[in-house]
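# Provide a 3D model corresponding to the input given below.
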Amino acid sequence: MRILEEKEKTLIILKDKEKIEIMTLKGNPIRIQIECQDGTFLVDEVTQKRIKEIKMEQEQIKQMNNLKKENL
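Model (predicted):
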């Protein structure tokens, strides 16, 4: 990844399989993920609510895996 800064804008050059996440400083609950795959940009809008849900799901999976290990 290369970052070039100009007066009022920033240019980011992504290599293949690199990903960036963009959010505002004002606390807007939306984040935008941009990923480069095979020279194509994939853009995904992720809300703060969905990010929290994903984190909660990951924590629940960890807890289930720990319970599985304890019962074996």
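# helices and strands of the chain: which one bottoms out on pLDDT?
strand 40-47 (a mean of 84; mean pLDDT, DSSP states H and E).
# so what secondary structure elements neighbour that one?
strand 30-37 (3 or more C-beta pairs under 8 Å, 6 or more residues apart in numbering; DSSP states H and E). (Glycine included, C-beta is placed from N, CA and C.)
# For the chain, which segments count as strands?
Using DSSP state E, the strands found in the chain span residues 2-5, 10-13, 19-22, 30-37, 40-47.
# Can you point out the buried residues in stretch 8-24?
Within stretch 8-24, the residues scored as buried using 16 or more other C-beta atoms under 10 Å are Leu14.
# And the contacts of that stretch?
1-5, 30-39, 41, 46 (C-beta atoms under 8 Å, 6 or more residues apart in numbering).
# repeat that for 10 Å
By C-beta atoms under 10 Å, 6 or more residues apart in numbering, the surrounding residues in contact with stretch 8-24 are 1-5, 29-44, 46, 48, 51.
# hmm, back to that, parallel or antiparallel, which strands does the least confident helix or strand of the chain pair with?
Sheet pairing for strand 40-47, assigned by DSSP bridges, gives strand 30-37 (antiparallel).
# Identify the bridge partners of Ile13.
Arg2.
# Show the pLDDT at it.
Looking at Ile13, its pLDDT reads 91.
# one step back: can you say which of the strands of the chain is packed in most?
Greatest average neighbour count among those goes to strand 30-37 (a mean of 14), per mean count of other C-beta atoms under 10 Å.
# Give the rounded mean pLDDT of it.
Averaging pLDDT along strand 30-37 gives 88.
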